[in-house]
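> Coordinates for the following, if possible.
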Amino acid sequence: MIRGKVSVIIPARNEAHLQQTVDDLLTKAAGDIEIIPVLDGTMSDGTFQPLREDPRVKPLRKPAPEGMRPAINDAAQLATGQYLMKCDGHVIVGEGYDAILKADCDIDWLVVPTRHSIETDTWTIKRRDFNYSILTYPFIAATMYGEGCHAVTFPWDQNTAINLQRADRLIDDIMGAQGSLWFQHRDYFLRFPPLDHAGLYFYQENQEITLRVLAAGGRSIINKKIAYGHWHKGKESQGADGRPGRGFYLDVRKK
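Next up, the predicted model:
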């Protein structure tokens, strides 16, 4: 197995499935990892979201919420691993995810695994094979995602056809991804300016990271040797302290 610690960053604000995600990451790691959950603000009772103690888990607690991008930027500075992996606080990873991602990650690569969905009732992976996206700009439809540059998933029939056409390419170039999990060398991430919270606020995180890597001559890669599941929050969701929806206020005008 390729040497090198993986530092896993989890921007987390009132995340209902944070402990499940952390436990899954710890259980399925093949090598040396550290997990940095960024607890971005307290819950409604003024306390921080609790996490079970583990020497590999090193929470960063912020009394006042600052946002997803500042959480990633700050945790990347604190990370001690050779590799940096960012994931949402509501994912299920594949067995040996760290070793598999390290094995195909050159210094200037940005890597994402195959993305599936999650069955919330059983908290298990629901196969989707989301590997390829359309990069769109401007994206001005009246949706929750706002304007700007987005990686949009293909319609289901096209997604199936493209996966069949490119099934033999286990490592393939892509122009963008959904953003719930990405992986790269920490030193390479830190060569760039911090992620732009003032200009981009909440969405378009993967597009910001992908396009700067491509503009610098690097590669954006899908690694189909490993997969993960991501839970898509909806209005029926609730945070760890029971607040409805996403579990915290998000300014629609800024989005």
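
> these two touch, right, Met85 and Ile10?
No - here Met85 lies out of contact with Ile10, judged by Cβ atoms under 8 Å, at a distance of 9.5 Å. (Glycine included, C-beta is placed from N, CA and C.)

> Please enumerate the strands of the protein.
Counting by DSSP state E, the chain has strands at residues 6-12, 33-40, 60-62, 83-87, 91-93, 109-119, 124-130, 133-136, 150-153, 171-173, 181-185, 219-230.

> Pipe those strands into a markdown table and attach mean neighbour count, mean pLDDT and distance to Gly245 per row.
Compiled in a markdown table, those are given as follows (neighbours: other Cβ atoms under 10 Å; pLDDT from 0 to 100; distance: least, Cβ to Cβ, whole Å):
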| stretch | mean neighbour count | mean pLDDT | distance to Gly245 |
| --- | --- | --- | --- |
| strand 6-12 | 26 | 98 | 16 |
| strand 33-40 | 23 | 98 | 16 |
| strand 60-62 | 16 | 97 | 21 |
| strand 83-87 | 24 | 98 | 21 |
| strand 91-93 | 23 | 98 | 19 |
| strand 109-119 | 21 | 97 | 18 |
| strand 124-130 | 15 | 96 | 22 |
| strand 133-136 | 16 | 86 | 25 |
| strand 150-153 | 18 | 86 | 21 |
| strand 171-173 | 13 | 98 | 35 |
| strand 181-185 | 24 | 98 | 22 |
| strand 219-230 | 21 | 98 | 17 |
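
> In JSON lines: those strands, plus distance to Gln204.
Converted to JSON lines, the strands of the chain look like this (distance: least, Cβ to Cβ, whole Å):
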{"stretch": "strand 6-12", "distance to Gln204": "15"}
{"stretch": "strand 33-40", "distance to Gln204": "18"}
{"stretch": "strand 60-62", "distance to Gln204": "22"}
{"stretch": "strand 83-87", "distance to Gln204": "14"}
{"stretch": "strand 91-93", "distance to Gln204": "19"}
{"stretch": "strand 109-119", "distance to Gln204": "15"}
{"stretch": "strand 124-130", "distance to Gln204": "17"}
{"stretch": "strand 133-136", "distance to Gln204": "11"}
{"stretch": "strand 150-153", "distance to Gln204": "6"}
{"stretch": "strand 171-173", "distance to Gln204": "20"}
{"stretch": "strand 181-185", "distance to Gln204": "13"}
{"stretch": "strand 219-230", "distance to Gln204": "15"}
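
> how about the ones you listed, which one is nearest Gly242?
Nearest of the strands of the chain to Gly242, taken as Cβ to Cβ: strand 6-12 at 16.3 Å.

> What is the burial count for Asp45?
Neighbour count for Asp45, taken as other Cβ atoms under 10 Å: 6.

> residues contacting the residue of the chain most remote from its centre?
Relative to the centre of the chain, the most outlying C-alpha is that of Asp45, 27.3 Å out, by Cα atoms, centre = their mean. With contact set as Cβ atoms under 8 Å, 6 or more residues apart in numbering, Asp45 has these partners: Asp241.

> how far away is it from Arg243?
Counting by Cβ to Cβ, to the nearest Å, the separation of Asp45 from Arg243 is 11 Å.

> ok, which stretches of the chain are helices?
For the chain, helices defined by DSSP state H occupy the ranges 18-28, 68-78, 97-103, 156-165, 186-191, 197-200, 205-215.

> ranking those helices by mean pLDDT, which is last?
Here those differ in mean pLDDT, and the lowest is helix 197-200 at a mean of 89.

> And it, how far out from the chain middle?
In this view, helix 197-200 has its centroid 18 Å away from the chain centroid, taken as Cα atoms, centre = their mean, to the nearest Å.
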